[in-house]
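Engineer: got a predicted structure plus its sequence, pasted below:
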Amino acid sequence: MQEVIEKIRPVVIEMLKNLGLELFDLSFKRERGNWVLRVVIDDPNGYVSIKQCEKVSEELGEYLDLNNVIEHSYVLEVSSPGLDRPMRGLEDYKRFVGKLAKFWLTDGRFVMGHIIQADETEVVVETESGKIEFRPDQVSKSKLEVEF
């Protein structure tokens, strides 16, 4: 149902912007016999709270119902990317300097440590065995790690 996503994406982005939030992911698909509209939100200033998820769910649900955007029954899920969220590139690497992260590199290496620097030319990670540097375009997958 790509047309539903295309129809609501600008509305969701604007709604989140007004709440000081960002859209991390948006999907609408059939799961176990039900249609599920999944909205994953992010807070550029920290972690997403339950209250923020509730507020978005309330506002978006009201908008969708009042405008009859989805003509059949569906489940609306609003959540955060989580503490061990995937990172999507350089902007996230910069945003999470100081945080513990895992990186899977295109050359087969696996790096886990604290991000100490990130820019267009290199990412520097402090691991248990020292600093490791790599280019942002060498990352095939990355995510934050929960630190206790």
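Structural biologist: The structure has been received and is ready for your questions.
Engineer: ranges for the strands of this protein?
Structural biologist: 22-31, 34-42, 75-79, 100-105, 110-118, 123-127, 130-134, 139-144 (DSSP state E).
Engineer: contacts only, for Val146.
Structural biologist: Val146 is in contact with Leu83, Asp84, Leu100, counting by CB atoms under 8 Å, 6 or more residues apart in numbering. C-beta: built from backbone N, CA, C; applies to glycine.
Engineer: how much space separates the second one from Tyr47?
Structural biologist: It stands for Asp84. Separation of Asp84 from Tyr47 (CB to CB, to the nearest Å): 12 Å.
Engineer: what do you get for the first one?
Structural biologist: Counting by CB to CB, the gap from Leu83 to Tyr47 is 7 Å.
Engineer: now do Thr106
Structural biologist: In terms of CB to CB, Thr106 sits 29 Å off from Tyr47.
Engineer: now do the buried residues in stretch 4-24.
Structural biologist: Buried positions in stretch 4-24, judged by neighbour count with 16 or more other CB atoms under 10 Å: Val4, Ile8, Val12, Met15, Leu16, Leu21, Leu23, Phe24.
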